[in-house]
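Asker: Give me coordinates for this.
(chains A and B)
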Amino acid sequence: MTAALTTTMREGGVALVSFDLQGEAVNKLTRGVVEEFRALVDRVESDSSVRAVVLVSGKPDLFIAGADIDGFLELRTAAEAEALSREGQEMMNRLERLRAPVVCAIHGACLGGGLEAALASAYRIATDHPKTVLALPEVQLGLIPGAGGTQRLPHRVGLRQSLEMILQGKNVRAKKALQIGLIDELVHPSILLDVALDRAAKLGEGKIARERPRATHGLGDVMLEDNALGRSVVFRKAREKTREATKGNYPAPLAAIDAIEQSYLGDRPKGFATEARLFGEMAVTDVSRQLIFLFFAGAALKKDSGVGEAAVTPKPIEKIGILGAGFMGAGIAAIAAMQGTVVRLKDAEHARVGKGLKEASSILRDQFKRKRITRRQLEDQLALVGGTIDYSGFGGAGIVLEAVFEDLKVKQTVLAEAEVAAPSAIFASNTSTIPIERIAAEAKHPERVLGMHFFSPVQKMPLLEVIRSKATNDESLATAVAYGKRLGKTVIVVKDAPGFYANRILAPYVNEAGLLLDEGVAIDAVDKALVEFGFPVGPITLVDEVGLDIAGKSSAVMLGAFGDRMVAATSLAKVIEAGRTGRKGGKGFYKYEDGKKKGVDETVYPLFSSNGQRMLIGARDIVERCVFAMLNEAARCLEEGIIASPRDGDVGAVFGIGFPPFRGGPFRYLDTLGIPTVIRALEVLDGRFSPRFRPAGILREMASSGTRFYPDRERPR
Amino acid sequence: MPTFGNGRRVAIVAGLRTPFERSGTLFKSLSSQDLGRAVVAELVARAGLDGKEVDTLVFGTVVPSVLAPNIARELALLPMLPKGIPAVTVSRACTSANQAITDAADQIALGHANVAVAGGAESLSNVPILHSRGFANALVSASKAKTMSSRVGALARIRPRDLVPITPAIAEPSTGETMGQSAEKMAKINHIPRDEQDQFALRSHRLAAAGTQDGRLTSEIMPYYVPPQYAEVATSDNGIRADSTPEQLAALKPVFDKRYGTVTAGNSSPLTDGAAAVILMSEERARSLGFTPLAYIKSYAYAALDPGEQLLQAPVLAAPLALARAGLTLGDIDLVEMHEAFAAQVLSNLRGFESQLWAERAGLTKPVGEVDRSRLNVMGGSISIGHPFGATGARITTTLANEMKRRGNRFGLMTLCAAGGMGFAMVLENAS
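Answerer: I've put the predicted structure just below:
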């Protein structure tokens, strides 16, 4: 194996170490790399001609991406993981104590272990470049920083900043990193190396002190961070907020707080020991395993062309047409403009187009307000979206995306018009219920018709289902998949069948929640049980958010397709009949005041078949009925080939409908529960509510053959 | 026959404009840059032109923005165009967009460019308001001051009268005469009675209203959804009054000469915000890119006279020159578009075309001739449509080219007057 670290001696006894991990796109701290670092430190210690070290990356636009996450999956016990953390800490401690001071010259992402190394170094210089971001994202994988990050960061940037960085795991841009004292200098990329070499030489000569006080220190720091009382307030608040946000489902953020707190108690070895112990505990939690699985599954999908082995090149897309300037159309327009695509946003009337432009512009403006883009970038993105009430400017569009009213006839009409206006375009429907095959029934080019099913709100929801009909060709499919990825989406390819995948598995889950209401269970009891299970919102709140009219239409389609094994909940239908539309109309299952949700609207209960009669059912039963209905449906989708793999099904459920990430997705959860256990539970339920809980065939087969969806501990591909 | 282009014919392949809106109305919060960016973005999108094909961008504006003096470059930096398009802003009063178009056409004729975007933009809602000399001097000295006390001292020199802002008037720097006063003077010299001016204005409104109604005008107008609310959308020119009556026009008081005057707000073009642009290509490139030209530029000419004389009469000198360069006479011209700064000016220009005196001044033996009114400004003009100074020339170019195509006319002539005593004329030839 070729070495990842290359050392060259520069003027003034400065050793320039370039990190370039061979055969990998990114630099990560594999076991091999750590060995090399150890050897390097040994060499520097014994070579008195080396007075300082500069660490730089040999990769373009990336410093160090962090630890080798593959390695984490091989950890069997907490003790093993703790030992790994100890090793990392030891490495960083040696870096910190190295006779020759180390300067990190950071260009590009500096994440996890990369930032921990930078924190252990004597001096940090970063480039003023959009690609340069620093973060400790470990909690996003259910872990905590394990190489001294929880011990060093608070004393570099302060307690509150460090809590924010470690508990959120979000990227910090270079400019902010300078403001909070995370880095010492911010420079243009072209002078990074020169400045780093100069500072290293000065550190080596003692002209720059190795120990420097924190750069920023405000009144808030004095009051809340410099004394134990202030800190106890901060820690208490942080724990409260974290418990509320994680609902007890994610242990890592609380563990991180414990480790950070220890760093203030004056016993350095104990602080590091606490960090290592907690890292060890977290690394073997099921939560972490599932989150790492999702991380890999998402990464694998980013590389998936969607057409398997077929050798087709996706067409480059420079212009798209969007039909329908509603909430969906406008959202798609906004994310397309963010990627530099020219967008023609068409609707039937100027007022509707104007509303769509307003919506798109507020999504774009939001990025400007968050300082993600400059004013000129905002103006450019706005300039890319052109509103129109005719098909002018559609010529040359690579994709025409329809987000018009959910009506087959309307969709067929606009398809026919689009085929004239944009003769070479792919026609993509954003339908959530109508089969693509039917939309394409009269198309001149059904091979260029497919579905691109975005989730609302488009700018926030990470999933895109690309739907392939029997007629769709590989080139169109690959183009839609590639463009969806360009829009920043995680794309799964699904088969053309009612509800596709995400909505298909959502339907029995929501319907079961409705049936519980029919039986007299309280609205908030249903929602609460499923939020505690880990969904971001409960099923009843969800239909209020989506819009009862839309939910009703969707459920009608699902009943039409699967009515033989589904029993429609009457509560939902009654509430729709009463003219309620959910949040957008200010009236649904819940009350809304000034757009704010205000608790259950008790006046809906008399509408239910329970006649306002209330019944108590345990949260466990609620969860079991709703979730098992979903799991069973997901299994059917795999069986019918709606999704290509359990991986796609898990990612689709987590990214599309908020299936609890710490459970990994329906298939991972089935594996966790054990398929035979699930079958037994389904059979009991089927006994009570035949036939809607009849176990999917694939589950029975797997139970009898004793197989799982995922081989244990294997990295998903 | 001398023809512009030395064998490289320049085609107008597409044209578009924003609606023209009276200043202080719908576009009051937009800058000329906003208007220009919108029209170029929409023109390129509608034409289906790949931005990478554009070689140069020339834009005209009369009242430049102090913050972005080279508006053309800001337009060329639109995201659908590559960053490497050199761009220049030109200024020749009300013929600034014509200057942009002829500059771009020259570049194409010379072989320096094959595809150009040219046009103009103007926001007369957003003219720079200047500080007085005294205030400006104090600010400059304060900014150069090295100590706090000298800074305070510099600012202390400001007097109340220094705080009165200066709004630039539309006046000739050389004569101090405003545009309206010049029109008033021309009405008197050329004996243009009030009712003839009013009738011409009425005609302008009625023809523009008809052109809007039947969609000929609106087909060259992009809908403008007004940011940041996008609740209002401008789809046509808001200065056109379909219901204007002779009585209403007659009731208006003269603005520039209250006692003997005839020029009123009703028979003058209003202050307007808007932008317009065209795509020009060499004939060859248009063909290879699959564009069907609307018209070719046959010839053009600029002329000028003493601004103290008849400020807006130079079209009378420019038109015969352009016709001569095209090897044509007025009799060959099927359609005429004349810029209507004032009815008094259009009518003075028309009298000039018929005058032996003006023929001699232009070096001709006989007058240009009488313009057939049924072929003149057939969809109205600047009086009704409005007149964003820097943009009007591109509007007229697009309208003339489109209408010639619709009518199957062979040759069309446009003339524009401009401040500084200048005039412009261009002959277009049907491409089909």
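Asker: Just want to check the distance between residue B:407 and residue B:295.
Answerer: Applying C-beta to C-beta, to the nearest Å, the value for residue B:407 to residue B:295 is 12 Å. Heads up, the C-betas are built off the backbone N, CA and C, glycines and all.
Asker: Over to residue A:165?
Answerer: 63 Å.
Asker: For the closest residue in space to residue A:173 that isn't next to it in sequence, give me phi and psi.
Answerer: Counting by C-beta to C-beta, 6 or more residues apart in numbering or on different chains, residue A:173 lies nearest to residue A:133, which is 5.8 Å off, once chain neighbours are set aside. Torsion angles at residue A:133 (phi, psi; degrees, to the nearest 10) stand at phi -130, psi 150.
Asker: what's the neighbour count on residue A:133?
Answerer: The tally of other residues near residue A:133 (other C-beta atoms under 10 Å in any protein chain shown) stands at 21.
Asker: Would you confirm that it contacts residue A:175?
Answerer: No. Applying C-beta atoms under 8 Å, one finds residue A:133 not in contact with residue A:175, separated by 10.6 Å.
Asker: Which parts of the stretch 201-350 of chain A are helices?
Answerer: A:219-224, A:228-246, A:252-262, A:268-283, A:286-303, A:327-338, A:350-369 (DSSP state H, counting those that start in this stretch).
Asker: Can you show me the CA trace of the fifth one as PDB?
Answerer: The C-alpha coordinates for helix A:286-303 follow below in PDB (Å, rounded to 0.1, in the frame of the first residue of the first chain):
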ATOM      1  CA  ASP A 286     -28.600  -0.100  17.900                       C
ATOM      2  CA  VAL A 287     -29.400   3.500  17.300                       C
ATOM      3  CA  SER A 288     -25.900   4.200  16.000                       C
ATOM      4  CA  ARG A 289     -25.900   1.000  13.900                       C
ATOM      5  CA  GLN A 290     -29.100   2.100  12.200                       C
ATOM      6  CA  LEU A 291     -27.900   5.700  11.600                       C
ATOM      7  CA  ILE A 292     -24.600   4.400  10.200                       C
ATOM      8  CA  PHE A 293     -26.600   2.100   8.000                       C
ATOM      9  CA  LEU A 294     -28.700   5.000   6.700                       C
ATOM     10  CA  PHE A 295     -25.500   7.000   6.100                       C
ATOM     11  CA  PHE A 296     -24.100   4.300   3.900                       C
ATOM     12  CA  ALA A 297     -27.400   3.500   2.200                       C
ATOM     13  CA  GLY A 298     -27.800   7.200   1.300                       C
ATOM     14  CA  ALA A 299     -24.200   7.300   0.000                       C
ATOM     15  CA  ALA A 300     -24.800   4.200  -2.000                       C
ATOM     16  CA  LEU A 301     -27.900   5.600  -3.600                       C
ATOM     17  CA  LYS A 302     -25.900   8.700  -4.600                       C
ATOM     18  CA  LYS A 303     -23.800   6.400  -6.700                       C
END
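Asker: Please name every helix or strand in contact with that helix.
Answerer: Here helix A:286-303 touches helix A:69-73, strand A:490-495, helix A:646-657, helix A:666-673, going by 3 or more C-beta pairs under 8 Å, 6 or more residues apart in numbering or on different chains; DSSP states H and E.
Asker: what's the spacing between the longest one and its chain's center?
Answerer: Just to be clear, that refers to helix A:646-657. Chain-centre distance of helix A:646-657: 11 Å, with C-alpha atoms, centre = their mean, to the nearest Å.
Asker: List the contacts of it.
Answerer: Helix A:646-657 is contacted by residues A:293-294, A:297-298, A:300-301, A:455, A:461-463, A:465, A:490, A:492-494, A:501-502, A:505-506, A:630, A:634, A:637-638, A:643, A:659-661, A:664-668, A:709-710, A:716-717 when judged by C-beta atoms under 8 Å, 6 or more residues apart in numbering or on different chains.
Asker: Only whichever of those residues are buried, select them in ChimeraX.
Answerer: In ChimeraX, this line selects whichever of the contacts of helix A:646-657 come out buried by 16 or more other C-beta atoms under 10 Å in any protein chain shown:
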select /A:293,294,297,298,300,301,455,461,463,465,490,492,493,494,501,502,505,506,630,634,637,638,643,659,660,661,664,665,666,667,668,709,710,716
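Asker: Confidence-wise, which helix or strand of chain A is lowest on average?
Answerer: helix A:219-224 (a mean of 82; mean pLDDT, DSSP states H and E).
Asker: List the buried residues for that one?
Answerer: Buried, per 16+ other C-beta under 10 Å, within helix A:219-224: A:221, A:224.
Asker: Stretch B:234-252 too?
Answerer: Applying 16+ other C-beta under 10 Å to stretch B:234-252 flags B:234, B:236-241, B:244, B:249, B:252 as buried.
Asker: just stretch A:201-214 next, same as before
Answerer: A:201-204, A:208.
Asker: got any ranges where the chain has weak pLDDT?
Answerer: With no chain named, the answer covers chain A. A:1, A:215-216, A:612, A:712-717 (pLDDT under 70).
Asker: if you could check chain B rather than the one you did, that'd help
Answerer: If you take pLDDT under 70 as the line, chain B has these spans: B:1-3, B:5, B:168-169.
Asker: switch to 90 and redo it
Answerer: Within chain B, the ranges that satisfy pLDDT under 90 run B:1-7, B:64-68, B:124-173, B:431-432.
Asker: Chain A contacts on that one?
Answerer: For chain B, the residues in contact with chain A (C-beta under 8 Å from any C-beta of the partner chain) are B:37-38, B:41-42, B:45-46, B:48, B:50, B:78-80, B:223, B:225, B:227-233, B:235.
Asker: Filter those down to just the buried residues.
Answerer: B:37-38, B:41-42, B:45-46, B:48, B:50, B:78-80, B:223, B:225, B:227, B:230, B:233.
Asker: who touches residue B:420 in this structure?
Answerer: B:93, B:172, B:174, B:304, B:307, B:311.
Asker: out of those, which are inside strands?
Answerer: residue B:304 (DSSP state E).
Asker: Show me how to select, in PyMOL, the buried members of the contacts of residue B:420.
Answerer: A single PyMOL command is used to select the members of these judged buried by 16+ other C-beta under 10 Å:
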select buried, chain B and resi 93+172+307+311
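Asker: residues in contact with the residue of the stretch 451-600 of chain A found nearest chain B?
Answerer: Going by C-beta to the nearest C-beta, chain B is nearest to residue A:486 of the stretch 451-600 of chain A, at 15.2 Å. Residues near residue A:486 by C-beta under 8 Å, 6+ apart: A:317, A:339.
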